[in-house]
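Trainee: Need a 3D model of the following:
(chains A and B)
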Amino acid sequence: MVLASVNDTFVVVIAAAAVLYGTPLLFAALGELLAERSGVLNLGVEGMMLVGAVMGFWAVQRLDVADGVSLAGALAVAAVAGAAMALIHAFLVITLRANQIVSGLALTIFAGAAGLSSYLGNDLNLSGSPAEHAFSGLDIAGLGDLAVLGPILFDQSALVYLSWLLVLVIGVYLARTRPGLNVRAVGESPASADAMGIDVTAYRYTHTLLGGALAGIGGACFSLQITPQWVGGLTGGAGWIAVALVIFAFWRPDLCLVGAYLFGAFSALPSTLQARGWLTSIPSEVFSSLPYVMTVLVLVAVSSGAARRRLGAPAALGVPYVREER
Amino acid sequence: MRFERRLDQPRWLAVAVPVGSIAVGFALMAVVLLATGHAPGPTYRRLLDSAFFGDGALSATLVSCTPLVFTGLAAAAAFRMRLYNIGGEGQFYWGAIAGVGIALYLGDRGVHSTPAYIAATAVAGAAAGAAWAAIPALLRAFAHTNEIITSLMLNYVAGLVLTYLIIDSHSYWRDLESFEGQTFPLGKMIPEEAKWPSASLDAFGGIVLPLGFGIGAALAVVMWLVYARTRFGFELQVIGDSPRSARFAGMRLRRKVVAVMCVSGAVAGLGGASFEADFAYQLDPTGLQTSFYGYMGIVVAALARYNPLAVVPVGFLLGGLVNAGFTLQGADFPSGLVGVMQGLILFCALAGEVLLRYRLRIGRTAPRAVDPQAEAAT
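Mentor: Down below sits the predicted model:
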């Protein structure tokens, strides 16, 4: 019981919640990182997350099987839904060479809070009921009660452990494997990559779609764990924060993890304070605006001064590759 | 299939692409409707009826169209210079807050002259929008911060300010006196004299033309003149196309960035003030935040190919869609349909843009003529 009381302290609760709220950001940011490393800027993350969230939730309501199977199926559905959204963007910007910024915005409008996700949510009659199955803490090896580290590291859901694995895999992939090296070549200098015999189009398509799949899973984190039900626009700008996170992380997967938990902490702050009845004299909107305000401040810090040369940004980010015009 | 760069852009294509985009957007939407078990025919008929052909439909469409003209102009002003201000939403909110605020203040001071109210609400709305846009503008100009993300994040902050003013506090904007206001959080009504007048036309069975629409249309002409006929407009075009050449030519990039962002914010803010003084008359955080006028402005601007003059008709068409979305909400009209459709139309416009820049060649061998109809439909 002594241990449990340490784990009830504000710092530990916030840290555990930061991991919870940071996980969707981490998935989405890792996905965006893959797309951007191949040279494709996708601003449709928010839309892809929402469609992933609604389709994942739909799957979990329809798949009447054991918890684990149903949730795994839901994640797969969410990933496919996110990738399907990314395919629209990929076709427009890779094959048709459309403006990547406008196309990404169009994707967010198409799929976002007032678009396809809300259409599907209503049409499939999803709002108003809680999830049949939801992700919850796994309490690994009974260590969940361990002082301080227990709730933060050992009592998280499978989604969290999956995201850690993903950070590792993507880090190794980009830094240590041949295809990973090719992705970076495609993002830095598609013309040289093309001359080396790398299929620029195929690499860009694959990584944009992977990015969409991860954004879809990120969205499902909301509808299958955090909320856990379907509410229109439930991501509340998390997709945009994820886009900012990639810049903040200098396009590195390990720093994405740090950034995601930092912003996760800001997102967790309002509800945690409210639950304790602390600082009630300050309007709750002040705390709710923290994730957004901090995103702006962090971006300012990262984009000025020493980091001004866009440290780590792929050189060909946002530039369509046209073989005839290189 | 190959693309070949066009040497000149045919003028007719510049009109055919947006029109074709809307047509193809409708066709794709029909597929979505069919796939989800709705009949497209009746849905479209009801949509067109409540948007354009039914009783009073045109007046209602003008109500939805007026804010879109402003936010569309705001987005067009900035996007034209490749300055991606997607903070139109938040700047619109601030215009509404300031417009209502000044109208309430003048009301308390006992002002009765409507022209004074019109001037005050318009100036306050524009100033507030410009001030909110100045934050991403200054950050972009002096700290090289990506304006897309900063301006977007500030939308959420502005939305929280709205919620705070009406729902979470006893602010100056909140109605604490009337019976409804005491039972439910509501915004204070602006004085009767502060409401902007409207003109009635007898055409098409009577149309109410709000003052805001007139201001928006006039603004579109002014903006077109500035962009197409002045040195300032020319410099913006150069900066948009090639910032490097602009710098070498001695153009002041930072000033232009701040100026254009603030103009864009001012137009969006004016839209917010017009929305309040023309139609809403009280600050309604939920209504404002679920209308997405700011984001739709981007759709309008992109479809208008960032041409201010084209913003007005495009705004009118999309305003019809929005109006239909409002009036038809219910069992057989799926919600979210309007957003999906706008997205589809925008995708088609983006794809069509390619046809403006490139010629499509099918097959590897010698170039052959491509049927322009088929080209527009791709």
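
Trainee: where are the low-confidence patches of chain A?
Mentor: A:1-4, A:305-311, A:326 (pLDDT under 70).

Trainee: In it, what residue lies closest to chain B?
Mentor: A:Phe110 (2.3 Å; Cβ to the nearest Cβ). (Each C-beta comes from the backbone N, C-alpha and C, glycine too.)

Trainee: in which helix or strand would I find the residue positioned nearest the centre of chain B?
Mentor: What sits nearest the mean C-alpha location of chain B, by Cα atoms, centre = their mean, is B:Gly297, with 2.2 Å. Assignment of secondary structure by DSSP states H and E places B:Gly297 within helix B:293-303.

Trainee: and the longest helix anywhere in chain A, does that touch chain B?
Mentor: The helix that spans the most residues within chain A, counting by DSSP state H, is helix A:10-37. No. Against chain B, helix A:10-37 shows no contacts by Cβ under 8 Å from any Cβ of the partner chain, the least distance being 11.8 Å.

Trainee: Check which element follows that helix along the chain.
Mentor: Immediately after helix A:10-37, counting by DSSP H and E, sits helix A:45-62.

Trainee: one step back: need the contact list for the residue nearest to the centre of chain B.
Mentor: B:68, B:70-75, B:88, B:268, B:271 (Cβ atoms under 8 Å, 6 or more residues apart in numbering or on different chains).

Trainee: Run a quick neighbour tally on the closest residue to it other than its chain neighbours.
Mentor: Distances taken as Cβ to Cβ, 6 or more residues apart in numbering or on different chains place B:Thr71 nearest to B:Gly297, at 2.6 Å, with adjacent residues excluded. Residues lying near B:Thr71 (other Cβ atoms under 10 Å in any protein chain shown) number 33.

Trainee: So B:Thr71: helix, strand or coil?
Mentor: helix (DSSP: H, G, I helix; E, B strand; the rest coil).

Trainee: Just to check, it is in contact with B:Val299?
Mentor: No. Between B:Thr71 and B:Val299 there is no contact under Cβ atoms under 8 Å: 9.6 Å.

Trainee: tally of neighbours for the residue of the stretch 1-150 of chain B found nearest chain A?
Mentor: Residue of the stretch 1-150 of chain B nearest chain A, by Cβ to the nearest Cβ: B:Ala143 (4.1 Å). Neighbour count for B:Ala143, taken as other Cβ under 10 Å: 16.

Trainee: how much space between A:Glu324 and B:Leu356?
Mentor: Distance, A:Glu324 to B:Leu356, by Cβ to Cβ, to the nearest Å: 18 Å.

Trainee: One more: B:Ala349?
Mentor: B:Ala349 is 10 Å from B:Leu356, by Cβ to Cβ.

Trainee: which residues are common contacts for the two?
Mentor: B:Val17.

Trainee: Among the two, which residue is more densely surrounded?
Mentor: Counted by other Cβ under 10 Å, B:Ala349 and B:Leu356 do not tie: B:Ala349 has more neighbours, with 25 against 14.

Trainee: Buried residues of whichever strand or helix holds that one, list them for me.
Mentor: B:Ala349 is part of helix B:337-357, with elements assigned from DSSP H and E. For helix B:337-357, burial by neighbour count (16 or more other Cβ atoms under 10 Å in any protein chain shown) applies to B:337-355.

Trainee: quick one: average confidence on that helix?
Mentor: Averaged over helix B:337-357, pLDDT sits at 86.

Trainee: tell me what it is packed against?
Mentor: helix A:100-111, helix A:116-123, helix B:11-35, helix B:293-303, helix B:308-328, helix B:372-377 (3 or more Cβ pairs under 8 Å, 6 or more residues apart in numbering or on different chains; DSSP states H and E).

Trainee: Nearest to A:Leu245, out of those?
Mentor: helix A:100-111 (15.6 Å; Cβ to Cβ).

Trainee: Just want the angle from the closest one to helix A:116-123.
Mentor: Counting by axes from the mean of the first three to the mean of the last three Cα atoms, to 10 degrees, helix A:100-111 lies at 10 degrees to helix A:116-123.

Trainee: contacts for helix A:100-111?
Mentor: A:40-48, A:50-51, A:85, A:88-89, A:92-93, A:115-117, A:239, A:318, A:320, B:79, B:84, B:86, B:148, B:295-296, B:298-299, B:302, B:339-340, B:342-344, B:346-347, B:350.

Trainee: change it to 6 Å
Mentor: A:41-44, A:46-47, A:51, A:85, A:89, A:92-93, A:117, A:318, B:84, B:295, B:298, B:302, B:342-343, B:346-347, B:350 (Cβ atoms under 6 Å, 6 or more residues apart in numbering or on different chains).

Trainee: and what of stretch B:252-265?
Mentor: For stretch B:252-265, the external contacting residues (Cβ under 6 Å, 6+ apart) are B:74, B:77-78, B:81, B:83, B:85, B:91, B:129-130, B:132-134, B:137, B:140-141, B:239.

Trainee: Number of residues surrounding residue 168?
Mentor: No chain specified, so I'll use chain A. With other Cβ under 10 Å as criterion, A:Leu168 counts 13.

Trainee: not what I meant, chain B
Mentor: B:Asp168 has 15 neighbours, counted by other Cβ under 10 Å.

Trainee: Please work out how many residues are found near A:Val169.
Mentor: Using other Cβ under 10 Å, A:Val169 is surrounded by 12 other residues.

Trainee: If we look just around chain A, which residues of the stretch 101-250 of chain B are in range?
Mentor: Proximity of the stretch 101-250 of chain B to chain A, by Cβ under 6 Å from any Cβ of the partner chain, involves residues B:139, B:143-145, B:149-150, B:152-153, B:156-157, B:160, B:164, B:168.

Trainee: mind redoing it with 8 Å?
Mentor: So far as Cβ under 8 Å from any Cβ goes, the stretch 101-250 of chain B lies against chain A at B:135, B:139, B:143-146, B:148-150, B:152-154, B:156-157, B:160-161, B:163-164, B:168-169.

Trainee: residue ranges for the strands of the stretch 1-150 of chain B, please.
Mentor: B:2-5 (DSSP state E, counting those that start in this stretch).

Trainee: In it, where is pLDDT below threshold?
Mentor: B:1.

Trainee: Listing request: residues of the stretch 151-300 of chain B with sub-threshold pLDDT.
Mentor: Along the stretch 151-300 of chain B, the model assigns pLDDT under 70 to residues B:204-205.

Trainee: follow-up on the earlier one: who's in contact with the residue nearest to B:Gly297?
Mentor: Neighbour list for B:Thr71: B:88-89, B:92, B:267-268, B:271, B:293-294, B:296-298, B:300 [criterion: Cβ under 8 Å, 6+ apart].

Trainee: Brilliant, that's me finished.
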